[in-house]
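Engineer: sequence and predicted structure, then a few things I'm wondering about:
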Amino acid sequence: MRIAICYPPIPSPKGTPLLSQNRQFQWFHRPTAIYPVVPASAATLLRAHGHDVLWLDGIARGLTPEACWRELEAWGPDAVFLETKTPVVKFHWAWVRELKRRLPRCQALIAGDHVTAFPEETRRNAPVDAALMGGDYDFALLSWAEGRDVPVDLAALPQIDRALTRWRDYATRNGNFLRTPGAYLMSARDCWYARCAFCSWAALYPTCRTRPVAHVLDEISGLLDLGAREIMDDAGSQPVGDWLRAFCEGLLSRGYARRLRLDCNQRFGTLRLEDYRLMRRAGYRMVLFGLESANQATLDRLNKGIDVGQIRQGARDAAQAGLHVHLTLMLGYPWETLEDARRTVALGRELLRRGHAHTLQATWLVPYPGTPLFRDLRAAGDLLTEDWDAYDMRAPVMRCPLSHAQINALVSQAYRAHLQPRPLLHAAARALANPAHLLKSAAALLSHLRDFR
């Protein structure tokens with residue numbers, strides 16, 4: 001079977017859509033491309049089982065819609081797979097209708113967190129041949145293509161074919177990377193905690209599965225052979241405990257710690273100073289933490305499973321170990337006052353000022369379908385709209401004491417934390433190692449300020 005995995009261009013004055021490999025959707029003014037790990041695994045698995053595969057990411061390649069259609073039609077697929085998210089699901093419904101007009105015999109498959117939450121809605125609104133549930137797109141696609149149930153076993157997956165999936169298209173236009181070319185992988189699907197009330201991927205991966213340490217180390221070996229200099233492990237929270245210690249020891253014993261830098265997502269309240277020091281010795285550069293809010297009542301309502309003291313301690317320990325600490329903040333909670341929101345911004349600014357964190361990002365809270373947050377707000381009548389186009393952080397979609405302008409002002413204030421003396425000194429130190437990264441970081445900061453005007 002000839003199967004195309006396609007990300008059609010989505011022209012919009014709002015900017016570039018961050019669709020693939022994103023738990024939260026945003027439009028960025030500055031073009032950014034993030035490697036879609038699980039769809040890339042799907043392409044690899046299909047080819048390994050004898051299917052012809054076309055990898056067609058029109059967004060990452062900057063194709064026009066018509067150029068993307070020409071390439072797809074010239075290749076002649078039997079089926080096209082799409083990954084969608086809430087703010088662009090209506091676009092993809094229309095795209096599937098156009099696909100059926102242009103290629104009537106081609107089958108359309110669609111997946112993603114929104115489709116998993118509301119599969120019948122997509123079946124009503126678009127002539128899809130299959131709506132795939134959950135986040136294991138690779139096994140789901142192979143099961144569909146071969147008409148049999150393929151057992152989900154991450155250890156049995158072949159290493160991703162990076163040439164087939166054009167990894168270089170994603171290797172430089174990514175603010176996470178200090179060194180380029182960079183690459184993405186996932187050591188687990190997805191988060192070993194998986195209970196945060198706002199996270200759309202907890203519905204895709206309700207049970208965490210972890211890959212064997214050796215399997216991940218072998219993937220890193222292949223990426224080093226391709227020339228990757230920095231690798232982001234984009235598991236929702238990288239595995240900890242014995243797995244993390246064995247992984248770090250493997251990085252050291254194989255000599256990878258001298259050849260590349262690693263980044264990962266992690267949770268506060270889990271690791272200790274000695275763990276972070278081991279990670280630093282093993283080649284880790286950056287750790288991304290979800291701070292979300294400085295208000296304990298909000299952390300409890302989000303089911304984060306941490307307290308504010310653990311946020312402060314974890315950031316301090318990771319920074320003391322020599323790791324770059326990146327924080328994520330969210331604003332616009334329907335139960336928070338302006339003073340509550342200011343407290344979150346103040347904590348982010350304080351951690352940067354003290355050198356306990358080095359960068360941060362701030363976003364609107366969005367209640368995505370499939371999350372407990374969406375369910376509870378809908379039941380309470382607190383959703384302002386179910387027009388999915390609006391779920392893109394550009395306007396309020398739920399009742400909130402703060403105005404649109406107030407939330408955007410708070411987001412901008414959070415980003416301006418980077419202009420404090422200590423963060424500026426940290427940026428200058430990084431510029432000595434990589435002057436181009438300083439320019440890229442400055443452009444990213446200006447872009448984020450534009451995103452939330």
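Structural biologist: All right, it came through fine.

Engineer: next, the buried residues of stretch 156-169.
Structural biologist: L157, I160, D161, R162, L164, T165, R166, W167, D169 (16 or more other CB atoms under 10 Å). C-beta here means a position set from N, CA and C on the backbone, and glycine is covered the same way.

Engineer: an error on my part: the question was meant for stretch 227-239.
Structural biologist: Buried residues in stretch 227-239 (16+ other CB under 10 Å): A228, R229, E230, I231, M232, D233, D234, A235, G236, S237, Q238, P239.

Engineer: tell me which of these is nearest to A417?
Structural biologist: Nearest to A417 among those is M232, at 22.8 Å by CB to CB.

Engineer: who touches the closest one in this structure?
Structural biologist: N174, N176, F177, G182, A183, Y184, L185, L262, D263, C264 (CB atoms under 8 Å, 6 or more residues apart in numbering).

Engineer: of those, closest to S41?
Structural biologist: Closest to S41, out of all of the contacts of M232 and judged by CB to CB, is L185, at 9.8 Å.

Engineer: surely that closest one meets Q238?
Structural biologist: No - counting by CB atoms under 8 Å, L185 sits too far from Q238 to count as a contact (10.6 Å).

Engineer: could the buried residues of stretch 156-169 go into CSV alongside distance to L18?
Structural biologist: Converted to CSV, these look like this (distance: CB to CB, whole Å):
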residue, distance to L18
L157, 25
I160, 21
D161, 24
R162, 21
L164, 23
T165, 18
R166, 18
W167, 18
D169, 15
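
Engineer: so of those, which two are at opposite extremes in space?
Structural biologist: Once CB to CB is applied, these give L157 and D169 as the farthest pair, at 21.7 Å.

Engineer: now, which of the buried residues of stretch 227-239 lie within strands?
Structural biologist: Assigned to strands by DSSP state E, the following of these qualify: E230, I231, M232, D233.

Engineer: of those, closest to R254?
Structural biologist: Nearest member of those to R254, counting by CB to CB, is I231, at 13.5 Å.

Engineer: contact partners for that closest one?
Structural biologist: G182, A183, Y184, L185, I220, L223, L260, R261, L262, D263.

Engineer: would you reformat those as CSV and include secondary structure?
Structural biologist: Formatted as CSV, the contacts of I231 follow (DSSP: H, G, I helix; E, B strand; the rest coil):
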residue, secondary structure
G182, strand
A183, strand
Y184, strand
L185, strand
I220, helix
L223, helix
L260, coil
R261, strand
L262, strand
D263, strand
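
Engineer: can you pick the most crowded of these?
Structural biologist: If you count neighbours using other CB atoms under 10 Å, the busiest of the contacts of I231 is A183, which has 28 neighbours.

Engineer: is it true that it touches D225?
Structural biologist: No - A183 is beyond contact range of D225, at 11.4 Å (criterion: CB under 8 Å).

Engineer: quick check: mean pLDDT of stretch 312-332?
Structural biologist: Averaged across stretch 312-332, pLDDT comes to 98.

Engineer: if we can go back for a sec, and of the ones in strands among the buried residues of stretch 227-239, the nearest to A395?
Structural biologist: Closest to A395, out of all of these and judged by CB to CB, is M232, at 30.3 Å.

Engineer: where in the stretch 301-450 of the chain is pLDDT low?
Structural biologist: 426, 430-450 (pLDDT under 70).

Engineer: need the strands for it, in chain order.
Structural biologist: Taking DSSP state E, counting those that start in this stretch to define them, one finds strands in the stretch 301-450 of the chain at 324-331, 359-364.

Engineer: for these, give me JSON lines that also has mean neighbour count.
Structural biologist: Output for those, formatted as JSON lines (neighbours: other CB atoms under 10 Å):
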{"stretch": "strand 324-331", "mean neighbour count": "22"}
{"stretch": "strand 359-364", "mean neighbour count": "22"}
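
Engineer: save these as CSV, and put in distance to I110 too.
Structural biologist: Rendered in CSV, the data for the strands of the stretch 301-450 of the chain read as follows (distance: least, CB to CB, whole Å):
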stretch, distance to I110
strand 324-331, 28
strand 359-364, 25
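
Engineer: for H92, find the nearest of those strands.
Structural biologist: That would be strand 359-364 among the strands of the stretch 301-450 of the chain, by CB to CB, at 22.2 Å.

Engineer: what strands line up against that closest one, and which way round?
Structural biologist: Here strand 359-364 has these sheet partners by DSSP bridges: strand 324-331 (parallel).

Engineer: tell me how far the strand it pairs with lies from the chain's centre.
Structural biologist: 14 Å (CA atoms, centre = their mean, to the nearest Å).

Engineer: run a quick neighbour tally on the residue nearest to I3 when sequence neighbours are not counted.
Structural biologist: When the adjacent residues along the chain are set aside, I3 lies closest to A79, with 4.9 Å between them (CB to CB, 6 or more residues apart in numbering). Neighbourhood size, A79 [other CB under 10 Å]: 20.

Engineer: could you do L425 as well?
Structural biologist: 11.

Engineer: how about S200?
Structural biologist: The number of residues near S200, taken as other CB under 10 Å, comes to 26.

Engineer: ok, it touching L373?
Structural biologist: No - S200 is not in contact with L373 according to CB under 8 Å; the separation is 9.6 Å.

Engineer: how many neighbouring residues does F289 have?
Structural biologist: So F289, with other CB under 10 Å, has 23 neighbours.

Engineer: host element of M286?
Structural biologist: strand 284-292 (DSSP states H and E).
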